[in-house]
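[1] Dropping the sequence and predicted coords here.
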Amino acid sequence: MPGDLKDGRIVIVGASLAGLRAAEALRAEGFTGSLTVVGDEPHPPYDRPPLSKQVLLGRATADTTELPMRRDPDAEWRLGVRATGLDLLAKRVLLEDGEALSYDRLLITTGTRARPWPDAEEGALDGVFTLRTREDGGGLADRLAARPERVLVIGAGFTGSEIASACRELGLEVTVAERGPAPLVGALGGTLSKLAAVMQRNHGVDLRTGVTVTALNGNGAFTGADLSDGSRVEADVCVVALGAVRNVEWLADSGLAAGPRGIACDAGCRAFDMYGIVTDDVFVAGDVSRFPHPLFGYQMLSLEHWGNAVEQAEVAAHNMVNPGPLRRPHLSIPTFWSTQFGLNIKSVGVPTYSDHVAVAQGSLEARRLAMVYGYRGRVTAAVTVDMAKSLDYYRHLIETAAPFPPPPGAADRALTADVAIPSDVPDPSVLSHGPTVALTGHLPGRRLTVV
């Protein structure tokens, strides 16, 4: 590593939202050295949330989702080429075209990909889609515009529910199959998931919960699916929304602490090696990272959120070009939002890190409310439904470790312990969809032998 941290060679692997914002931040922080960004897709970084919303509704096309640049990062863009390996000792990133890129500092922002249907032959049927890339969004939008008789969505997490909402807004018949007890239960817990179920059914969704899809049928083209309860769904289009897979396979022999939940790093975005020793020249940001947070028991957080990718990328960039005493931690509170079936759902904190919940404002019956989550007597999260202006107040309660139930002023009614009910957060293994926020805790991936 050069003595001057503002100089040298930095490589970013992952031409993603986090990769772009980190490249911009590096230049804003005064980095004047060589900067290379590697991406396996042929496109410049683009915005993924519109793919399940505006693109499916025909209000935008997939090729118009490119992210605007805040400033020119003056980088060499290596697009359409995949990283295949990392040599920590030689400080080289290996590419699939045979080239090796040398670096002084490395930032990994490879993100996630859609989890495919487990049977590759069934998943290859014409009419079976996942939704993650620009091509996925464009292809699915075209198929929905052709007015299929019915769409089957497998998985009722945020992506699956947003796809179902778009289908109903387009006037299409849609069936949603979810192994768990209700939509969004893995993200919001049992109480709010019941509201999500009511809203889906009120909007005409054929919602099937507590079932799995056992087979996708068709001879070349998808025609329907068999369910575990013995029923069959006839459909022309199937969208597999089973969550995400972290893009870490290329690091299998690198010696980094990389596994199914992502790459472990400290609060300053420095990656850990497989022995739990922090590196000082490899950083990680965005969906592919796992990082500790003091407000949530120092457990390792995995987040698939737009805001987290931006904030963590900026922290990583700052720490890459500043010495230890000037480095700062990534301690922002997780937030996410979704618009579906006419509802605007916003969350702050980690709802799954809870044992009880209480409705602080509004009501489930009015479908306009603020629900506060607590764990062992402390506020850990809040979710609002069509009441987003209240969210900043609850963020403050989380940051200050306020008692749960929250004190007067946080609610439009008196809250006491007897109004709190269990948050009813299920084991993720019983869900079809993957969580957008996960407390991953201790995840030993292998038996360690010091070499």
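    Yep, that arrived. Residues are numbered from 1 along each chain as shown.
[2] which helix of the protein spans the most residues?
    Longest helix in the chain, counting residues (DSSP state H): helix 185-202.
[3] buried residues in that one?
    185-200 (16 or more other CB atoms under 10 Å). Quick note: C-beta positions are derived from backbone N, CA and C, even for glycine.
[4] ok but residue 432 is inside a helix, no?
    No: counting by DSSP: H, G, I helix; E, B strand; the rest coil, residue 432 is not part of a helix but coil.
[5] Could you check how far it is from residue 152?
    12 Å (CB to CB, to the nearest Å).
[6] Report pLDDT for the residue nearest the centre of the chain.
    Centroid-nearest residue in the chain: residue 304, 1.7 Å away (criterion: CA atoms, centre = their mean). With respect to pLDDT, residue 304 scores 90.
[7] Now do the contacts for it.
    112, 244, 287, 436, 437 (CB atoms under 8 Å, 6 or more residues apart in numbering).
[8] Then residue 350?
    Residue 350 is in contact with 296, 301, 334, 380, 381, 437, 439, counting by CB under 8 Å, 6+ apart.
[9] which of these lies closest to residue 83?
    Nearest to residue 83, judged by CB to CB, of those is residue 301 at 24.4 Å.
[10] Now do that closest one: how many residues are near it, please.
    Neighbours of residue 301 under the rule other CB atoms under 10 Å: 23.
[11] And residue 214, by the same measure?
    Neighbourhood size, residue 214 [other CB under 10 Å]: 11.
[12] what pairs with the closest residue to it other than its chain neighbours across the strands?
    Spatial nearest neighbour of residue 214, chain neighbours left out: residue 226 (4.9 Å); criterion: CB to CB, 6 or more residues apart in numbering. Per DSSP bridges, the residues bridged to residue 226 are residue 215, residue 232.
[13] Run the chain-centre distance for stretch 214-233.
    Relative to its chain's centre, stretch 214-233 lies at 28 Å (CA atoms, centre = their mean, to the nearest Å).
[14] Show the end-to-end separation of it, please.
    End-to-end distance for stretch 214-233: 11 Å, by CA to CA, to the nearest Å.
[15] can you check stretch 399-419 too?
    End-to-end for stretch 399-419, by CA to CA: 23 Å.
[16] ranges for the strands of the stretch 201-350 of the chain?
    206-209, 213-218, 222-227, 232-234, 237-240, 244-246, 258-259, 262-264, 270-272, 278-284, 289-292, 300-303, 335-340, 343-349 (DSSP state E, counting those that start in this stretch).
[17] Quick one: closest of those to residue 424.
    strand 206-209 (14.1 Å).
[18] Which elements pack onto that closest one?
    strand 173-178, helix 185-202 (3 or more CB pairs under 8 Å, 6 or more residues apart in numbering; DSSP states H and E).
[19] still on that earlier bit, Serialize the strands of the stretch 201-350 of the chain to CSV and add fields for distance to residue 46.
    Formatted as CSV, the entries for the strands of the stretch 201-350 of the chain read as follows, by distance: least, CB to CB, whole Å:
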stretch, distance to residue 46
strand 206-209, 31
strand 213-218, 29
strand 222-227, 27
strand 232-234, 32
strand 237-240, 20
strand 244-246, 17
strand 258-259, 25
strand 262-264, 22
strand 270-272, 26
strand 278-284, 21
strand 289-292, 20
strand 300-303, 20
strand 335-340, 19
strand 343-349, 24
